[in-house]
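No sequence on hand, only this structure:
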């Protein structure tokens, strides 16, 4: 493998990094960690990464859970772990939220995270994309927070119900009761911090790996999307 670091590209009008998948052996995309270090370590142990493997997180490494700083340090310290920026990282960068434990290095790392990581046929973002607009017409802010472009948050309609490519989009942000796996969309926020699970998608084998997680904050049922209702 020549490098574990993606190369910046200007093919799309937002901050992104480009990957060449043939540089890696196994590649995984993992859901929102939200400061849950124990679940993160459990997932990484389960994945048992080899020297040429890579895990890409969909953002929201921080907030809500008890160990945001430790999660940032864990991901930042490993060349086998990458992440896009989530809306919770953006809230900290914008001063709309605070975590006193974080230091300058943590903020510099969060600021360095791209809004998207892409490869031929694939795109990792935090929120999603607007299915009615080309990627060339969407902003980084769109990708950070997309959920219901023509609706009202968790009342829907959700972007992934209407999206039909051309890139397969891996995303978090919208809490699901189980991973969503479709031809053009893979949803991986399975409520780790709420006592659900931390999930990862094996890009090579097209399978999901999930580990249990301890709940640290509560969430109402109407803010968790039931996948069986959307199939």
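Ah, there it is. Quantities reported herein were computed from a predicted structural model and do not represent experimental measurements.

in this structure, which helix has the most residues?
helix 37-47 (DSSP state H).

For that one, buried residues please.
37-40, 42-44, 47 (16 or more other CB atoms under 10 Å). Every residue, glycine included, has its C-beta placed from N, CA and C.

ditto for stretch 73-87
Under the neighbour-count rule (16+ other CB under 10 Å), stretch 73-87 has 74-76, 80-87 buried.

what's the closest of the buried residues of helix 37-47 to residue 195?
Distance ranking of those against residue 195, using CB to CB, places residue 39 first at 10.2 Å.

Surely the closest one and residue 192 touch.
Yes: the criterion here is CB atoms under 8 Å, and residue 39 meets it with residue 192 at 5.3 Å.

Now for these two: what residues contact both?
Between them, residue 39 and residue 192 share the neighbouring residues 33, 198, 213, with contact defined by CB atoms under 8 Å, 6 or more residues apart in numbering.

so who does the first one touch?
For residue 33, the contact set (CB under 8 Å, 6+ apart) comprises 39-40, 57, 60-61, 65, 71, 192, 198.

For residue 37, which non-adjacent residue is spatially closest?
residue 67 (3.9 Å; CB to CB, 6 or more residues apart in numbering).

What spatial separation is found between the residue sitting nearest the centre point of the chain and residue 171?
By CA atoms, centre = their mean, the mean C-alpha position of the chain lies nearest to residue 58, the distance being 1.0 Å. Plainly put, residue 58 is 6 Å away from residue 171 if you go by CB to CB, to the nearest Å.

Tell me the residues that contact both of the two, please.
124-126, 188-189.

Quick check: nearest residue in space to residue 58, chain neighbours excluded?
Excluding the flanking residues, the one nearest residue 58 by CB to CB, 6+ apart is residue 172, at 3.6 Å.

Wait, the residue nearest to the centre of the chain touches residue 187, no?
No: contact between residue 58 and residue 187 fails when scored by CB under 8 Å: they sit 9.0 Å apart.

can you give me the helices for this protein?
Assigned by DSSP H, the helices in the chain fall at 37-47, 68-76, 87-94, 104-112, 140-145.

can I get those helices in a markdown table with mean pLDDT and distance to residue 163?
Converted to a markdown table, those look like this (pLDDT from 0 to 100; distance: least, CB to CB, whole Å):
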| stretch | mean pLDDT | distance to residue 163 |
| --- | --- | --- |
| helix 37-47 | 98 | 26 |
| helix 68-76 | 98 | 27 |
| helix 87-94 | 97 | 19 |
| helix 104-112 | 97 | 27 |
| helix 140-145 | 93 | 13 |
